[in-house]
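Undergrad: quick one, what's the 3D model for this:
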Amino acid sequence: MKRLSVLLLLPLLVTFGGPAGADALPETAPPADVRVLIDVSGSMKKNDPGNLRRAALDLLVRLFPADTRAGVWSFGHDVHEMVPLGTVDDEWREEGKRRAQRIHSTELHTDIPAALAAATADDGRADGRRISLLLLTDGMVDVAKAAEINAAARQQLIDEVAPRLRALGIRVHTVALSDEADHELLERLALITEGVYAVARDATELQRIFVQALDAAAPSEQLPLTDNRFLVDSAINELTALVFHDGAPLVLVAPDGGRHAASDHGRDMNWHQGQGYELVTITRPYEGEWKLEGEAASGSRVTIVSDLSLVATRLPDNLFPGEPPMISALLREGGEPLARPELEALIEFSAVVTREATAAQPAEQWHLPLQREGAAWSASLPMLAGEPGRYELTVIADGNTFRRSQRQALIVRDHFQPQVLATDEIPARHRLLLRVVNPALSVDTVTARATVRSGSGGRAAPQPVSLQPLAEGDGWQLLLDASVRQEVEWEAEFTMPGSADTSAVWRSGVIVLEEGAVSWAPVPPLQLSSPADATHPVEEPVAVEPPPPAPASAPAERPWLLYGTLIAGNLLLAGLALFAYRKIMGGDSAPVSSAETVTPAAGEPAGPEAVSTPPPLDGLELPLDAIDLDPDADRR
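TA: Numbers count the residues shown, from 1 in each chain. Presented below is the predicted three-dimensional model:
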């Protein structure tokens, strides 16, 4: 497409590097290696009757960035290599699209262990690439008819396979496609390997979840899409617009007013219509503002290809309450931090954090500017250190005439997960579990406690109870009588991962078990403390001596000379009166009363006896928050 003008702006590429410390700058992410595992067991006939796995894989194949290494396997009773592992190019894409149409639902079992083993047969030897597995299944580990064999294979995934993959730096992103899926297993696989876990409520959500997983595995540079508009500059060599929609087909309006659609578009456009989406690739696009006509649904994005890099910290996909994470960003040119003050002065770095709405609370959004710190721009993200939920982080570079962005989906999780299960015993009992969710913690590093209040009166004091370790080794359990009302609260004390001197106390909030129903109180905020908080223990209030008077030579302090003279005169008169009184009463050797204050002589150290405590405040009532016994608690 013809250029409207030539503007000498440096092109921009956004990638995410590792966490940035005080002395480390974010680095460009290594090339990606993505391996897709598709469940083709017979149960998929029920959970994916329209076989939208084909459309989802077709879209994924089209979206893989060039030079990504990728491969596809199907699994059921056996594991089959659908698309050989190789570098993504036009030939690989055509093969991938063709073989995606072979996805079926005829296998008898769901051998997840064999699928993971086949996809990592090279033990993660990927020439420095970051390997990610994308696992889609609607079931659970099903390798044999015997339940004990399936249970052993499942436990082996948790105890051996997942830790080995984590040690190799391989992340597993898991997608569950039915209520019958083993959600606990899929979530733990993702957590242990630092991957993303998602649930597709139906097959139509699958495409958007695949795109989200691809963003986690192979981040790409994007343009901010605001009010269905995006800005193109002369630095962009190619753009790809992925637009999800539920209604009319897409119309794309160029800066020159030209209107383009799937049925009529420019020769330099590649336009593909899929199930519920349209994908448009444009080489050498016009500069200026482009507009989408039609409603762009959630998950739509515009990715680009350019040269100079904006490198930003990539946060872990799973975060846990505690210390706020930091985000840093900078421009790199030729691998080195950009050193062009005239360009840097035009660019504003910012972060937008959005929390998804839930049944209990509405969506919320925060806008934070990144501040210059050395060679990078940084900001703390306290909202990602507190309330659990699903968040989206967008890093933006705005140079007025050009804009770039990068999105990352994040989940803030609780360190622990309480559960209530029913038993088949007679009489019935409640089985309460507390599982460790944070992979950086273990039962050996956590002190867990539980208190129980039994009965309907609510007058009895909560009583501590003994806990039993879970056979899986990831938590504790207790059994309670189900015939009476029970109030239970869990508490766990541990040292914050990565901080040897910060301790934390987590509480579940009160769980009420009554008449077959379970109600959950909100989880209180995590309580953090460190040795610094205990350096000044709270004691009884002590009298504070007034500061010494200022030197008499200071003109503003001269009135104190007069006051001092008057006070000295009064003290002299009082002393003479006391002397006369003692003479009259018959002695001058009375001991000092225990209620008096002993003042040390000049030059002597002030011992404990030198501190006086004020008398109680009679008749004066202060609100409890009028005296701040721990000012550091406000900052925590």
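
Undergrad: what's the burial count for the spatially closest residue to Leu346 that is not a sequence neighbour?
TA: Nearest residue to Leu346, sequence neighbours excluded (CB to CB, 6 or more residues apart in numbering): Gly399, at 5.0 Å. In this view, the C-beta of every residue, glycine as well, is placed from N, C-alpha and C. Gly399 has 19 neighbouring residues, counting by other CB atoms under 10 Å.

Undergrad: any idea of the pLDDT on Gly399?
TA: Gly399 is assigned 83 on the pLDDT scale.

Undergrad: same check, this time on Val161
TA: Val161 carries a pLDDT score of 96 in this model.

Undergrad: just to be sure, it is in a strand?
TA: No: under DSSP: H, G, I helix; E, B strand; the rest coil, Val161 falls outside any strand and is assigned helix.

Undergrad: if we can go back for a sec, phi, psi for the residue nearest to Leu346 please.
TA: phi -110, psi 30 (degrees, to the nearest 10).

Undergrad: wait, it touches Ala345, no?
TA: No: Gly399 sits out of contact with Ala345 when judged by CB atoms under 8 Å, with a separation of 9.9 Å.

Undergrad: what segments of the stretch 201-350 of the chain are helices?
TA: Per DSSP state H, counting those that start in this stretch, the stretch 201-350 of the chain carries helices over the ranges 206-217, 341-344.

Undergrad: which of the ones you listed has the lowest average pLDDT?
TA: Across the helices of the stretch 201-350 of the chain, helix 341-344 gives the lowest mean pLDDT, at a mean of 78.

Undergrad: show me where pLDDT drops low in the protein?
TA: 1-25, 124-126, 203-204, 334, 456-459, 531-636 (pLDDT under 70).

Undergrad: contact partners of whichever strand or helix holds His173?
TA: Using DSSP states H and E, His173 sits within strand 171-176. With contacts defined as CB atoms under 8 Å, 6 or more residues apart in numbering, strand 171-176 is touched by 116, 130-138, 162, 165, 182-183, 186-187, 189-190, 193-200, 206, 209-210, 213, 216-217.

Undergrad: the chain: helices as residue ranges?
TA: Taking DSSP state H, the helices of the chain run over residues 44-47, 52-63, 90-100, 112-119, 147-156, 162-167, 183-192, 206-217, 341-344, 559-585, 631-635.

Undergrad: distance of the residue nearest to Thr106 when sequence neighbours are not counted relative to Ala144?
TA: Counting by CB to CB, 6+ apart, Gly42 is the residue found nearest to Thr106 once chain neighbours are left out, at 6.1 Å. Gly42 is 16 Å from Ala144, where distance means CB to CB, to the nearest Å.

Undergrad: mind listing the strands in the stretch 1-150 of the chain by residue range?
TA: For the stretch 1-150 of the chain, applying DSSP state E, counting those that start in this stretch gives strands covering 13-17, 32-39, 69-75, 79-87, 130-137.

Undergrad: just so I know, which of the ones you listed lies nearest Ala312?
TA: strand 13-17 (5.5 Å; CB to CB).

Undergrad: quick one: the strands in the stretch 301-450 of the chain, in order.
TA: Ranges of strands within the stretch 301-450 of the chain are 301-305, 309-313, 318-319, 326-333, 336-337, 348-355, 364-369, 371-373, 376-380, 389-398, 403-412, 416-422, 429-436, 446-454, based on DSSP E, counting those that start in this stretch.

Undergrad: quick one: contacts for the closest residue in space to Arg435 that isn't next to it in sequence?
TA: Nearest residue to Arg435 in three dimensions, chain neighbours excluded: Gly475, at 3.9 Å (CB to CB, 6+ apart). Listed by CB under 8 Å, 6+ apart, the contact set of Gly475 reads 416, 433-436, 443, 448, 469.

Undergrad: repeat for Leu116
TA: Counting by CB under 8 Å, 6+ apart, Leu116 touches 37, 133, 135, 157, 161, 165, 172.

Undergrad: re the thing from before, so which of the strands of the stretch 1-150 of the chain gets nearest Gly288?
TA: Nearest of those (CB to CB): strand 13-17, 20.7 Å.

Undergrad: picking that back up, buried subset of the contacts of Gly475 as a ChimeraX selection?
TA: Applying 16 or more other CB atoms under 10 Å to the contacts of Gly475, the buried members can be selected in ChimeraX as follows:
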select :416,433,434,435,436,443,448
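
Undergrad: redo the contacts of Gly475 as CSV? Include distance to Trp366.
TA: Shown next, in CSV, are the contacts of Gly475 (distance: CB to CB, whole Å):
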residue, distance to Trp366
Phe416, 26
Leu433, 34
Leu434, 31
Arg435, 30
Val436, 29
Val443, 35
Ala448, 33
Pro469, 40
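
Undergrad: any idea what the closest residue in space to Asn270 that isn't next to it in sequence is bridged to?
TA: Nearest residue to Asn270, sequence neighbours excluded (CB to CB, 6+ apart): Thr281, at 4.3 Å. Following DSSP bridges, Thr281 is listed with bridge partners Thr240, Asn270.

Undergrad: ok, Thr281 touching Leu242?
TA: No: assessed by CB under 8 Å, Thr281 is found out of contact with Leu242, at 9.8 Å.

Undergrad: what about the two, which has more around it?
TA: Ranked by neighbour count (other CB under 10 Å), Thr281 and Leu242 place Leu242 first, with 23 against 18.

Undergrad: tell me the spacing between that one and Asn270.
TA: Remark: distance between Leu242 and Asn270 (CB to CB) = 13 Å.
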